[in-house]
Each structure stands twice: as structure tokens, then as C-alpha cells.
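Engineer: Model the structure of this input:
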Amino acid sequence: MKSLILLIFITFLFSIPNAKDNPKDPHDDDLTGKNLICYNDSLSVEDWGIKFLKNNKVMMYSLNKLIYEIYQYSREYRTNIRNIIISKNSKIEYVINRSRLVLGNKQCKIVFGDPLILFQEKILSIKKDRKEKNRI
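Structural biologist: The predicted structure is shown next:
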């Protein structure tokens with residue numbers, strides 16, 4: 001009897017599908033070609049640019065407005081009905097709400113230009129604004 005129960009348990013254990021065998025989420029959309037800029041008006045908070053690429057890849061850019069530096073990160077994404085989930089090595093790093101377009105404390109908006117170029121233009125604009133405020 002114990003052998004039969006053990007056999008049933010082992011059969012059941014190996015019959016459970018793992019995450020790779022599960023069907024794709026019906027709301028896992030292909031966002032290829034879409035771009036987001038996620039910003040915060042504070043100069044001490046980084047802005048993020050997100051460029052959705054083929055095969056669920058995403059290129060993320062962070063703009064440090066204090067030192068005028070742009071950093072680049074390659075990640076993967078998936079979507080569900082509520083969120084865009086950005087991960088690295090299967091670990092979730094960022095979640096963007098799809099209806100409100102919010103990433104942490106940043107409001108996002110859809111843009112048509114390349115986020116890297118838009119950030120380079122923003123750096124020039126920030127530098128110009130800071131120089132204009134100088135009195136000497």
C-alpha cells in the first residue's frame with residue numbers, strides 16, 4: 001500500500017507542468033517599436049527611457065540629471081493585463097502599470113523618438129537652463 005501511494009505521488013509530482021510548459025498569457029503583447037519616457041521633475045531623481053525591441057527584449061536608459069550621464073541596460077519584458085514586467089535573469093526588476101503608465105515614482109508617456117536621442121537633447125536643455133539662472 002505504501003509503495004502504491006509513493007508511486008502515485010511521484011507520478012503526480014512529475015505530471016505537474018513547469019512554468020515553461022504553461023501556455024502564454026493571452027495579454028502578453030508584443031510592444032516592439034514602442035518607446036516610453038518615465039520622468040520625475042526633480043533633478044535628483046533619474047529619468048528612464050524604455051525602448052521595446054524584438055523577441056521581448058527591451059533597452060532601458062537612465063538619465064542622471066545631476067551629472068549629465070546616460071546609462072544603458074539590456075533587459076527582457078513580458079506583459080499581462082495590468083503590467084509590463086521588466087526582468088533580468090528571470091528576476092523582476094521593474095513593473096510599469098499599463099493603464100496609468102507609472103514606473104515607481106515616475107510618470108511615463110509614450111514617445112515617438114528614440115529615448116537615447118531625447119535624453120541627449122534633454123541634457124542640452126538642462127545645461128542651458130542652469131546657465132541662464134547664473135547671475136555671474
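Engineer: centroid residue for the protein?
Structural biologist: I86 (4.0 Å; C-alpha atoms, centre = their mean).
Engineer: who touches that one in this structure?
Structural biologist: Going by C-beta atoms under 8 Å, 6 or more residues apart in numbering, I86 touches I50, V58, M60, R75, E76, Y77, I92, E93, Y94, V95, I96. (C-beta placed from N, C-alpha, C; glycine too.)
Engineer: Would you state the helices of this protein in chain order?
Structural biologist: With helices called from DSSP state H, the chain shows them at 2-15, 115-132.
Engineer: can you tell me which of the ones you listed the model trusts least?
Structural biologist: Lowest mean pLDDT of the helices of the chain: helix 2-15, a mean of 54.
Engineer: follow-up on the earlier one: can you redo the contacts of I86 as a markdown table with pLDDT and distance to E132?
Structural biologist: Below are these laid out as a markdown table (pLDDT from 0 to 100; distance: C-beta to C-beta, whole Å):
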| residue | pLDDT | distance to E132 |
| --- | --- | --- |
| I50 | 97 | 30 |
| V58 | 97 | 35 |
| M60 | 97 | 31 |
| R75 | 97 | 37 |
| E76 | 96 | 41 |
| Y77 | 96 | 39 |
| I92 | 94 | 41 |
| E93 | 95 | 37 |
| Y94 | 95 | 34 |
| V95 | 96 | 38 |
| I96 | 96 | 34 |
